[in-house]
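>>> sequence and predicted structure, then a few things I'm wondering about:
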Amino acid sequence: MKPDLKVNIAGVEFANPLMTASGCCGYGEELADIFPLAKLGALVTKSISLNPRLGHPPPRTAEVRSGMLNAIGLANVGIEKFISDKIPFLDKQPTKIIVNVAGSKLAEYVEVCSKLNDFESVSMIELNISCPNVDEGGMEFGSDPVMTEKSLKAVKKVFDRPIIAKLSPNVTSIVEIAKAAEQGGADAFSVINSLVGMAVDAESWHTKITNNKGGLTGPAIKPVALQMVHAVYSHSSLPIIGIGGIQSTTDVIEFLLCGATAVQIGTALFKDPMLFIKIEKELLQYMKRKKCNTIYDLIGKVRKY
Ligand SMILES: Cc1cc2nc3c(=O)[nH]c(=O)nc-3n(C[C@H](O)[C@H](O)[C@H](O)COP(=O)(O)O)c2cc1C
């Protein structure tokens, strides 16, 4: 019998546990040109804010050892253009759509989520309370438990489908923030966003990106992400989407074992946008070999040494 890759997160069914990570394939148009989106469990959009944002001037990415540093600065088309230009495309896609929402003020998050509520094709919202690259607000929402709970409560009032709280690793206790998000009504967690980092050129003495500091992503952050997924899993029964440095099927399995129900892949897509096809095939082979009938036979099954 073929193993079943389906997973359910807060009542929404996904064909498999593989999703794109926000900011790593825009609104899906370019990816759809080269890759059948039906192969994805879900497409997660770039963060959408109330007003369009140009983001930081280039250079805004730099390759670093075992990863990448970025300070895009939440460049996006803004909610009105997203609704007029991007939703019609997303409506037609044969996969679930999760819209990532960012803001610099609570009222902005609420307005964007309220507008998205009109579009049934938006299965879930992923609330980016953890972006390290905005000047005002941004990470504050996700680093202060009081603000985290308040933000979740406010958006839950205007969006009637599930909300995923995307958590930051740049906090003293991710469990404390997860508990606050759950208290506010979060239906699931995405764990983790990027870690704050910096890259310097020893010849010119310049920082490598214009914002000086940026978000570190890619393989360098995988051990941090695995630990945080496991910590949140150990303290909450809400489903978790694991993110951070996934490059292979083995990486995906490690996240599932640590407690993730699904995973998102970001940085690795820049190298290989077809990675999902390979991972789906290899995941099925692995599950057959390990006699796992469903993904749930793997979730949280990590054994202590
Ligand atoms: C270029 C780039 C842009 C990103 N933009 C966003 C964003 O707009 N919103 C967000 O929540 N996360 C954003 N992220 C973070 C990713 O969604 C993800 O959490 C992070 O990259 C870790 O996963 P990875 O190691 O697989 O890339 C971005 C990451 C990269 C590399």
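That came through fine.
>>> only C-alpha atoms from now on, for both contacts and neighbour counts.
Will do.
>>> in this structure, which spans are helices?
In chain order, the chain shows helices spanning 29-34, 78-81, 87-91, 106-116, 140-143, 145-156, 174-183, 222-235, 249-257, 267-271, 275-289, with DSSP state H as the criterion.
>>> quick one: least confident helix or strand in this structure?
Ranked by mean pLDDT, DSSP states H and E, the helix or strand of the chain with the weakest confidence is helix 140-143, at a mean of 81.
>>> do that helix and the ligand meet at all?
No - figure legend: helix 140-143 not in contact with the ligand (Cα under 6 Å from any ligand atom); closest approach 11.5 Å.
>>> that helix packs against which elements?
helix 145-156 (3 or more Cα pairs under 8 Å, 6 or more residues apart in numbering; DSSP states H and E).
>>> what's the angle between the helix it packs on and helix 174-183?
With axes from the mean of the first three to the mean of the last three Cα atoms, to 10 degrees defining the directions, helix 145-156 sits at 30 degrees from helix 174-183.
>>> in helix 145-156, what counts as buried?
For helix 145-156, a neighbour-count test (16 or more other Cα atoms under 10 Å) marks 145, 147-156 as buried.
>>> again with stretch 164-184
Neighbour counts over stretch 164-184 (16+ other Cα under 10 Å) mark 164-171, 174-182, 184 as buried.
>>> show me the shaky parts of the protein.
By pLDDT under 70, the low-scoring segments of the chain are 131-139.
>>> what parts of it come near the ligand?
So the chain meets the ligand at 21-24, 46-47, 70, 74, 128, 192-194, 217-218, 243-246, 265-267 (Cα under 6 Å from any ligand atom).
>>> let's see that with 5 Å instead.
If contacts are counted using Cα under 5 Å from any ligand atom, the residues of the chain sitting beside the ligand are 21-23, 46-47, 128, 193-194, 217-218, 243-245, 265-267.
>>> strands - which of those residues land there?
For the residues of the chain next to the ligand, membership in strands holds for 128, 217, 243, 265, with DSSP state E as the criterion.
>>> which residues does the residue nearest to Ala220 when sequence neighbours are not counted contact?
Closest residue in space to Ala220, ignoring its immediate chain neighbours: Ser66 at 5.0 Å, by Cα to Cα, 6 or more residues apart in numbering. Under the criterion of Cα atoms under 8 Å, 6 or more residues apart in numbering, the contact partners of Ser66 comprise 218-220.
>>> do that again at 10 Å, thanks
216-221, 245 (Cα atoms under 10 Å, 6 or more residues apart in numbering).
>>> tell me the buried residues within those.
Here the buried ones among the contacts of Ser66, as counted with 16+ other Cα under 10 Å, turn out to be 216-221, 245.
>>> relative to Ser248, how far out is the residue lying farthest from the centre of the chain?
Taking Cα atoms, centre = their mean as the measure, the residue most remote from the mean C-alpha position of the chain is Glu203, 35.1 Å away. Using Cα to Cα, to the nearest Å, one gets 35 Å for the distance from Glu203 to Ser248.
>>> tell me the spacing between Val180 and Ala231.
Just to correct that, residue 180 is Ala rather than Val. Using Cα to Cα, one obtains 15 Å as the distance from Ala180 to Ala231.
>>> kindly reformat the buried residues of helix 145-156 as a markdown table containing distance to Asp85.
Output for the buried residues of helix 145-156, formatted as a markdown table (distance: Cα to Cα, whole Å):
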| residue | distance to Asp85 |
| --- | --- |
| Pro145 | 35 |
| Met147 | 32 |
| Thr148 | 31 |
| Glu149 | 32 |
| Lys150 | 31 |
| Ser151 | 27 |
| Leu152 | 27 |
| Lys153 | 29 |
| Ala154 | 27 |
| Val155 | 24 |
| Lys156 | 26 |
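>>> looking at those residues, spot the one nearest Lys81.
Distance from Lys81 was checked for each of the buried residues of helix 145-156 by Cα to Cα. The minimum falls on Val155, at 20.8 Å.
>>> what's the nearest residue to the closest one if we skip its chain neighbours?
The spatially closest residue to Val155, leaving aside those adjacent along the chain, is Val110, at 5.2 Å (Cα to Cα, 6+ apart).
>>> quick one, phi/psi of the residue nearest to Pro3 when sequence neighbours are not counted?
Leaving out its chain neighbours, the residue that sits closest to Pro3 by Cα to Cα, 6+ apart is Asn293, at 4.6 Å. Here is the backbone geometry of Asn293 (degrees, to the nearest 10): phi -80, psi -30.
>>> list the contacts for Thr61?
Residues in contact with Thr61 (Cα under 10 Å, 6+ apart) are 68-72, 199, 208-211, 214-216.
>>> give me the beta-bridge partners of it?
The partner list for Thr61 in beta bridges (DSSP bridges) reads Asn70.
>>> look up how far Glu29 lies from it.
Taking Cα to Cα as the criterion, Thr61 is separated from Glu29 by 21 Å.
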